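Novice: what would the 3D arrangement of this be:
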Amino acid sequence: MGEKTMGFLSFRSVVDPSSCDFLGHMNVSRYFFACSDAVFAVQGELGLTADDMRSGRRLSFAVVRAESDFLAELTAGDAISMETEILEIGGKSMTFRHRLIRAADRKVAFETVFKCVLLNLESRRAETVPDDVREKALAYLAAG
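Specialist: Okay, here's the model as predicted:
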């Protein structure tokens, strides 16, 4: 972890003062808020759009495990972006790495790995990743 960045640009924002806690830095909940938005952006790139979730195949990734590292403080006014890459494509799951980057110095401020299952929103059960989604995901698969 540290300076290395790569992947799909999945989120961009500026840290709002209301996102900061009494310690003066961005509150932990806001890091995961950014990750949630990032997952939906990646899903859209993979063909699981909001419309598809609402009235189409009714599939969405759901986090079942997260491992996170907070590497640098973010404060009000910091421009930030999230880069996401896919680490693993399973039968019914994908593993995503999200890196939250401070724009001013390209410092990775936060990194998390999410293991997600593809959830059928009607049955509430894990479902096999469709071939078209798997094919698109290969473009974002991390090297190595």
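
Novice: contacts for stretch 62-76 next, please.
Specialist: Stretch 62-76 has contacts (C-beta atoms under 8 Å, 6 or more residues apart in numbering) with 1-2, 15-17, 19-20, 24-26, 28, 31-32, 39, 80, 93, 100, 102, 107-119. From N, CA and C alone the C-beta is placed, and that goes for glycine too.

Novice: what helices and strands are in contact with the helix or strand bottoming out on mean pLDDT in the chain?
Specialist: Least confident helix or strand of the chain, by mean pLDDT, DSSP states H and E, is helix 50-55 with a mean of 91. Packing partners of helix 50-55 (3 or more C-beta pairs under 8 Å, 6 or more residues apart in numbering; DSSP states H and E): helix 28-45, strand 59-70.

Novice: and the average pLDDT for the longest one is what?
Specialist: Read it as helix 28-45. Here helix 28-45 scores 94 as its mean pLDDT.

Novice: packing partners for that helix?
Specialist: Using 3+ C-beta pairs under 8 Å, 6+ apart: helix 28-45 touches strand 8-14, helix 50-55, strand 59-70, strand 79-89, strand 93-102, strand 107-120.

Novice: the fifth one vs strand 79-89, what angle?
Specialist: Right, the one you point to is strand 93-102. Per axes from the mean of the first three to the mean of the last three C-alpha atoms, to 10 degrees, the angle that strand 93-102 makes with strand 79-89 is 160 degrees.

Novice: now for strand 93-102, which elements pack on it?
Specialist: If you count contacts as 3+ C-beta pairs under 8 Å, 6+ apart, strand 93-102 packs onto helix 28-45, strand 59-70, strand 79-89, strand 107-120.

Novice: before we move on, what about the longest one?
Specialist: In terms of contacts (3+ C-beta pairs under 8 Å, 6+ apart), strand 107-120 is packed against helix 28-45, strand 59-70, strand 93-102.

Novice: report the buried residues of the following helix or strand past it.
Specialist: Once strand 107-120 ends, the next helix or strand along the chain (criterion: DSSP states H and E) is helix 131-137. By 16 or more other C-beta atoms under 10 Å, the buried positions in helix 131-137 come out as 133, 136, 137.

Novice: any chance of the residues you listed in TSV, plus distance to residue 84?
Specialist: Output for those, formatted as TSV (distance: C-beta to C-beta, whole Å):
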residue	distance to residue 84
133	15
136	13
137	11
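
Novice: thanks again, I'm all set now.
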